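Novice: give me coordinates for this.
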Amino acid sequence: MIKYSIFFLFFVSMVAPALALPLDTTFTVYKDGEFTTQCQRKVKASNKVTAEVTDYLVTDFHNSPGHLFDWALKDLGLQEKKNNELIIVFKSSNHDLKTGITHGVFDIEVPNITSFKNIKVDAIVAKTKYLNGTGKVTADIAYSTMLLDKAYGYITVIPQKNNEQLYVTNFKIKFGWFFNIFITQNRYKKIVEWRVKKFTDNMKYESEERQKNDK
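Specialist: Got it, this is the predicted structure:
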């Protein structure tokens, strides 16, 4: 099974700044070779339902990451090759229960330029629940050969009025030396930013669909 995606999608920044922004917004800040993207979406679903969806996200990441391409990561990288400037092919993953690390293996292709085989990426994904109803799923790239210098992010669920929630996805990334040269700010928008937005939209859709069935 071969699926194309930017799998290193997931998250960073602080929750507080999000509250001062329009509820549905996406933006990226670039500084000193590091990209920070934030996307937030208002969700018409209960805290109970969004908690189930974020639990589902973590469980799938640990146990069956390929299934994520059917919902949370749906349509994040299935374009025709000619329209994709960077292709990451997910090959396999294994979750280590003792360390909490998920070990992933990918192939990376820069169309018409070069390709890299069996790139290893280790990630730690976990969820924290707070007494006020806020929940946060964090993802930290602990190790990556060539692809990333560092990457960290999270998706937070913030309770709102009228039994609604706010999804805030934050993602901070600094690429390894080759990709840091290749990925300009314009390419970043084409390769990563829209995927952060699409991931958040997918989480919103899953939550609202479950809310309909929960009634």
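Novice: partner strands of the longest strand seen in the chain, parallel or antiparallel?
Specialist: Once the chain is assigned using DSSP state E, the strand that runs over the most residues is strand 114-129. Strand pairing for strand 114-129, using DSSP bridges, gives strand 101-110 (antiparallel), strand 135-144 (antiparallel).
Novice: so where's the protein shaky on pLDDT?
Specialist: The model of the chain has pLDDT under 70 over residues 1-22, 77-86, 215.
Novice: and the helices in it, which stretches?
Specialist: 15-18, 47-63, 177-182, 185-188, 194-214 (DSSP state H).
Novice: need the residues that contact the longest one.
Specialist: The contact list for helix 194-214 (CB atoms under 8 Å, 6 or more residues apart in numbering) reads 5-6, 9-10, 26, 37, 39-41, 43-46, 48-50, 52-54, 56-57, 71-77, 155, 165, 167, 169, 171. The C-beta positions use only the backbone N, C-alpha and C, and glycine is treated the same way.
Novice: residue 131: how many residues sit nearby?
Specialist: Neighbour count of residue 131, defined by other CB atoms under 10 Å: 5.
Novice: for residue 159, see how far away it is.
Specialist: 11 Å (CB to CB, to the nearest Å).
Novice: over to residue 124?
Specialist: Where residue 159 is concerned, residue 124 sits at a distance of 26 Å (CB to CB).
Novice: cool, and residue 53?
Specialist: Residue 53 sits 14 Å away from residue 159, going by CB to CB.
Novice: neighbour count winner among those two?
Specialist: A count of neighbours by other CB under 10 Å puts residue 53 above the other of residue 53 and residue 159, at 27 against 15.
Novice: need the contact list for that one.
Specialist: 45, 203, 206-207, 210.
Novice: would you turn those residues into a markdown table with distance to residue 88 and neighbour count?
Specialist: Formatted as a markdown table, the contacts of residue 53 follow (distance: CB to CB, whole Å; neighbours: other CB atoms under 10 Å):
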| residue | distance to residue 88 | neighbour count |
| --- | --- | --- |
| 45 | 30 | 25 |
| 203 | 20 | 24 |
| 206 | 23 | 22 |
| 207 | 26 | 24 |
| 210 | 29 | 17 |
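Novice: and these, which two are the farthest apart?
Specialist: 203 and 210 (10.9 Å; CB to CB).
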